[in-house]
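> Sequence first, then the predicted structure:
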Amino acid sequence: MDETELARLHRAVQIDPADTEARLALLWGLIAAAQWAEAEQVGNALLHDADARTTVHACMGIVYSKQGRWDEAIQQCHQALALCPDDALVRCNLGLALARQGDTKAALEHFEKTAAQEPQWAEAHYNVGTLLLRQERYHEAIKAFERALECRTAYPEAQFNRGNAHALRGLEADGALDYYELDCAISAYKTAIQQRPGYAAALYNLGMVYQRLRSSEGLRVWDEYLEATQGLSAEEVWRLRAQEYKQDLQDRLR
């Protein structure tokens, strides 16, 4: 939301401070503009308005989540759902907050309910997949990511995590490699990179799969990763590792 539109919303509230619809519009505008402190002020005032309470609880769940105040975000989402149990977005936001708090069991329950309620919502299936992946339920996670991709073909994050699930399934407990699973991982990573050129995490993980396979393709991928992450300070530790892995692979291929 641009400053002109936000200024218009502020003026509307100044003209008629009792106009609930105007204040709700301002609250949504502040959320869209990521102005969390003012959004909290406007939202807290609106909580005293019974006609707006459901929407405001939902909004405050978003505001507190963005501020990292997970207990308060969860409380607001629960209050919104108590008033409107069928709100899939609120349920999804509740799942995200619970996941950030580490309550993966409760989070997964809410994500699964959301996916069942909104079967065409790609993000709902993706969220289910990410928690199943975290719980090492790789086969189920893959199925969830595939459902997300049925809803949204261009979804690089889902391709990336589908690749992660296949890659982890491809590493047997005894150290052996399941080449079918690793081929699936390679395909998923490549698709993620096609959909998001320079996708650093996908390039790195693809390099690691080729490293395990001792494939010369890994040299090309490590070079591509190092080029894509030039100047990215957050990637510096991973860049150093990538350079070591590249050197190791070169030595193994000699």
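Sure thing, it's come through.
> quick one: contacts for C184?
162-163, 166, 170 (CB atoms under 8 Å, 6 or more residues apart in numbering). For every residue, glycine as well, the C-beta is placed using N, CA and C.
> Turn the residues you listed into TSV, including secondary structure, pLDDT and distance to A73.
What follows is the contacts of C184, written out as TSV (DSSP: H, G, I helix; E, B strand; the rest coil; pLDDT from 0 to 100; distance: CB to CB, whole Å):
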residue	secondary structure	pLDDT	distance to A73
R162	helix	98	29
G163	helix	98	31
H166	helix	97	33
G170	coil	94	37
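> Identify the residues contacting stretch 92-111?
Contact partners of stretch 92-111, identified using CB under 8 Å, 6+ apart, comprise 58, 61-62, 65, 70-71, 73-74, 77-78, 81, 91, 114, 123-124, 127-128, 131-132, 134-135.
> And for stretch 223-232?
So stretch 223-232 is in contact with 198-200, 203-204, 207, 235, 238-239, 242-243, 246, going by CB under 8 Å, 6+ apart.
> Show me which residues of it are buried.
224-226, 228-229 (16 or more other CB atoms under 10 Å).
> With pLDDT, distance to A39 and secondary structure added, can I get those in JSON lines?
Formatted as JSON lines, these follow (pLDDT from 0 to 100; distance: CB to CB, whole Å; DSSP: H, G, I helix; E, B strand; the rest coil):
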{"residue": "E224", "pLDDT": "97", "distance to A39": "41", "secondary structure": "helix"}
{"residue": "Y225", "pLDDT": "97", "distance to A39": "38", "secondary structure": "helix"}
{"residue": "L226", "pLDDT": "96", "distance to A39": "41", "secondary structure": "helix"}
{"residue": "A228", "pLDDT": "96", "distance to A39": "35", "secondary structure": "helix"}
{"residue": "T229", "pLDDT": "96", "distance to A39": "34", "secondary structure": "coil"}
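> Nearest to L177, out of the residues you listed: which one, please.
Using CB to CB, Y225 is the member of the buried residues of stretch 223-232 that lies nearest L177, at 21.6 Å.
> which residue sits closest to the closest one, ignoring its sequence neighbours?
In space, Y225 comes closest to L203 once its chain neighbours are excluded; the distance is 3.9 Å by CB to CB, 6 or more residues apart in numbering.
> Just the element for that neighbour, please.
Assigned by DSSP states H and E, L203 falls within helix 200-213.
> Pull the number of nearby residues for I74.
Using other CB atoms under 10 Å, the number of residues around I74 comes to 22.
> Low-confidence stretches in the stretch 51-200 of the chain?
52, 173 (pLDDT under 70).
> circling back: which ones among the contacts of stretch 92-111 map onto helices?
Under the assignment DSSP state H, the contacts of stretch 92-111 contribute 58, 61-62, 65, 70-71, 73-74, 77-78, 81, 91, 114, 123-124, 127-128, 131-132, 134 to helices.
> coming back round to it: make a ChimeraX selection of the buried ones in the contacts of stretch 223-232.
The following ChimeraX line selects those of these that are buried, judged by 16+ other CB under 10 Å:
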select :199,200,203,204,207,235,238,239,242,246
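> Need the contacts of stretch 223-232 in TSV (columns: distance to A176).
Formatted as TSV, those follow (distance: CB to CB, whole Å):
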residue	distance to A176
G198	33
Y199	29
A200	29
L203	26
Y204	23
G207	21
E235	31
W238	27
R239	30
A242	25
Q243	28
K246	25
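> so which of the contacts of stretch 223-232 comes closest to A32?
For the contacts of stretch 223-232, the closest approach to A32 (CB to CB) belongs to Y199, at 26.7 Å.
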